[in-house]
Each structure stands twice: as structure tokens, then as C-alpha cells.
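Enquirer: any chance you can model this:
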Amino acid sequence: MPIPLIIGAAAAAAGLYGAAKGVSGAIDHSNAKSLNNDASSMVNAANQKVDSYRKNTNEALENYGQRKLRVFNGVVADFLNIFGRLKNVELIQTPELEKLNAGDFSTTALTGLSQDYQALRDAGLGLGAGMGSGAALAFGAYNGTMLLATASTGTAISSLGGVAATNATLAWLGGGSLAAGGYGMAGGMMVLGGIVAGPALAIFGHIVGNKGEAALNNARSNLEQAKTIRDQAELMAGKLQAIEQVTLLASKTLSEITSNLRFATRDMRVTIEKYGENFQDFSTESKQIVFRSVKFAQLIKAMIDTAILDQDGNLVLSTEKRVRDISAVSSGQKSSLDTP
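Expert: Residues are numbered from 1 along each chain as shown. Next comes the predicted model:
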């Protein structure tokens, strides 16, 4: 009778279909696992890249902040001491200073420099003192004069450390909670000027217990999210690298100006020892020596007042141009600064 044969054939076909489906499901699971591994590796690489750039940027800003402190306690202190010995100095009215003057500066800049130095001393950061990493980070990132002016006397540096702890960008750069664990890159997305509004770190779907086809679809979705995260990491790394490069340029420029001021202050000391402390008795050549030291002191003040980051954690786009402008005046390529 044909019916049993038909039933048997159908059962066999069903068995073959089930076997094929099982093989297909196993293949889908295998492919899903492979895709999830690729996605996971991609995200791990992205996180490691961002974290590496974060550490480099943090180090550059901290070192710059420490350099500022050394400049204040070293050459700025020497300059203020030697220049303060001079009597009857009228810098604003002298045509010689106009030739050397760094743009819109006057003796006000020197007064501000002296006030900044006094604020650091009041905070216990005189010669031989050190600055904590959080304070150094804030001092390197922001306008030093503004930071010191907003901090009350005697608590300036603790306030600087507070800025680093409470400012989201500095907290992340410094390795705070936002940089820890799975929020390393996600935290960066939140604070680095809002680069992206997209997903934070993807939580990849588990494939265990899923049907093969569903697992494969989830894995494909995970891979697409991983690619998005990879692209976001590239943007973040680029932004961090730009901050680091401008910071290194600023640090190098400040170092060069510091060296110039050190030699100029030495020459001013020799001049005072030779001709006395009455500026009006100086020859034109001797006055030029004083003017040069004033010029470099003003340029250091300009560097202290030039912020690397804005309050939102973005690189101040005008900073690189400003730093290069200051460098050009310091090296004699220009006679004055451009208007900020």
C-alpha cells in the first residue's frame, strides 16, 4: 500500500529537515560567536586607544602645570626681586618700551604677575613646595590668573585640586571614576565636548540559549555597534591628541621664554650693580636691558593667562595661534602681540 510509504518518506524528509536545521543552527551559533568575538575585540581596542591618549594628555597638562609653578618660584621670583629694586621707573612713557612692548601690556601686567606669585606663596607653594596632580592638571589646563583669583587666600591650591575633582573633563583625564571600568570611553564621550550623542559602550547580547538565527542577528547588530564605537574612539583620540600637542607646544614655548627671562634678569642684576638703582641714571643701552627683561616677564604673564581648555573641556581653538604669536615675539620675529 502506498500510504505507509508516503508517511515514511515524509518522516524521513522531516528528519532530514530537522537535521539540516540543526546543522544550520549550529553554524549560525558558530558565526554569531565569531562576530561577537570580533565586536568585543574591536571595542577593547577602542577603549585601550582612548585610554592611552587620555593618559598622555593628562600627563602633558600636569607637566605644564608643574612647569608654571617652577617658573613662578624660579625666574619670576628672581625678576620681581631684581626689578623691584629699581627706582623711578617709568615704563609706560618710554619710547624704547614701545619698540619692545608685547602688544597691549603695561606695568599692569607686571603687577598681575606679582599678585599671581603672591597668591601661590600664600597657598604654601613657595620655593621647594610641590603641587598635587589634581591642582597641576587644573593649573595646566586653565587660565592660571583666573584660577588663583577665584580661590581665597590660603586655599588657592586646594581649590585648584577641587576644580580637577569636580570638573568632569579633568576628573576623566585624571583617571577618576568616569575613567574607571567600563566608563573609560563612555565617560570620555560625555565630557569631551559632546563629540557624540550615540550609544555608550554596547552590552553585547548573549548567544547562549538563543536560537541560531536570532543569535546571528544579535551578533551582527553588536558588530555594527562596535564599529560605531571604533569610529567614536577615533574622534576622541584625535581630540585628545590635539589637546596634548597644543599643551606640549605651550610648555616648550614657556620654557623658551623662561630661559630668555633668566638671562635678561641676570643682565639686569649686573646693570644695577654697576649703575645703581635709579633708573633715570641709566644709559639708553642699560635701559634696553631692563626693557628686555620686562618684555619677557610680560610674555610669561601672557602664557599664564592663556588657557588650553575651556570650561566645557574643549580645546580653545585660538590657543595654538596665541602661543605661536607669543613665541614669535619672544624670539624677535615680531615686535608685538596680535590682539587676542
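
Enquirer: please make it C-alpha for all contacts and neighbour counts, starting now.
Expert: Fine.

Enquirer: now stretch 88-97: mean pLDDT?
Expert: Average pLDDT, stretch 88-97: 58.

Enquirer: swap that for stretch 63-78, sorry
Expert: On average, stretch 63-78 scores 88.

Enquirer: and stretch 113-133, end to end?
Expert: Taking C-alpha to C-alpha, to the nearest Å, stretch 113-133 runs 23 Å from one end to the other.

Enquirer: L86 - nearest residue in space that isn't next to it in sequence?
Expert: Closest residue to L86 apart from its sequence neighbours, by C-alpha to C-alpha, 6 or more residues apart in numbering: E277 at 4.7 Å.

Enquirer: repeat that for Q66.
Expert: A136 (5.7 Å).

Enquirer: ok, that neighbour - how many residues close by?
Expert: Residues lying near A136 (other C-alpha atoms under 10 Å) number 26.

Enquirer: show me which helix or strand of this protein is least confident by mean pLDDT.
Expert: helix 95-100 (a mean of 46; mean pLDDT, DSSP states H and E).

Enquirer: picking up where we left off before, surely the residue nearest to L86 is in contact with G84?
Expert: No. Counting by C-alpha atoms under 8 Å, E277 stays clear of G84, with 9.5 Å between them.

Enquirer: which residues in this protein form strands?
Expert: Read by DSSP state E, the chain holds no strands at all.

Enquirer: any weak-confidence spans in it?
Expert: Low-confidence segments of the chain (pLDDT under 70): 1-28, 91-110, 117-132, 144-167, 176-212.

Enquirer: so where do the helices sit in it?
Expert: 2-71, 77-83, 95-100, 107-122, 133-141, 144-150, 156-166, 168-173, 183-191, 212-275, 284-304, 319-330 (DSSP state H).

Enquirer: out of those, which is the most enclosed?
Expert: Mean neighbour count (mean count of other C-alpha atoms under 10 Å) peaks for helix 133-141 among those, with a mean of 27.

Enquirer: quick check: angle from it to helix 212-275?
Expert: 70 degrees (axes from the mean of the first three to the mean of the last three C-alpha atoms, to 10 degrees).

Enquirer: what residues are up against the nearest residue to F139 once chain neighbours are set aside?
Expert: Among residues not flanking F139 along the chain, G65 sits closest, at 4.8 Å (C-alpha to C-alpha, 6+ apart). Residues near G65 by C-alpha atoms under 8 Å, 6 or more residues apart in numbering: A135, A136, L137, A138, F139, G140, A141.

Enquirer: repeat that for 6 Å
Expert: For G65, the contacting residues are A136, F139, G140, by C-alpha atoms under 6 Å, 6 or more residues apart in numbering.

Enquirer: give me the distance between it and M303.
Expert: 12 Å.

Enquirer: follow-up on the earlier one: separation between the residue nearest to L86 and A135?
Expert: Distance from E277 to A135, by C-alpha to C-alpha: 38 Å.

Enquirer: also V43?
Expert: 32 Å.

Enquirer: swap in L223?
Expert: The value you get for L223 to A135, if C-alpha to C-alpha is used, is 41 Å.

Enquirer: can you check K33 too?
Expert: 46 Å.

Enquirer: ok, now A168?
Expert: 14 Å.

Enquirer: swap in S318?
Expert: Where A135 is concerned, S318 sits at a distance of 24 Å (C-alpha to C-alpha).

Enquirer: which other residues reach stretch 74-89?
Expert: R262, T265, E277, N278, F279.

Enquirer: now the end-to-end length of that stretch.
Expert: 23 Å.

Enquirer: setting the sequence-adjacent residues aside, check what's closest to L137.
Expert: E62 (4.3 Å).

Enquirer: contact partners for the one you found?
Expert: A136, L137, G140.

Enquirer: out of these, who's nearest N47?
Expert: L137 (22.3 Å; C-alpha to C-alpha).

Enquirer: which two in the contacts of stretch 74-89 are spaced the farthest apart?
Expert: R262 and N278 (21.8 Å).
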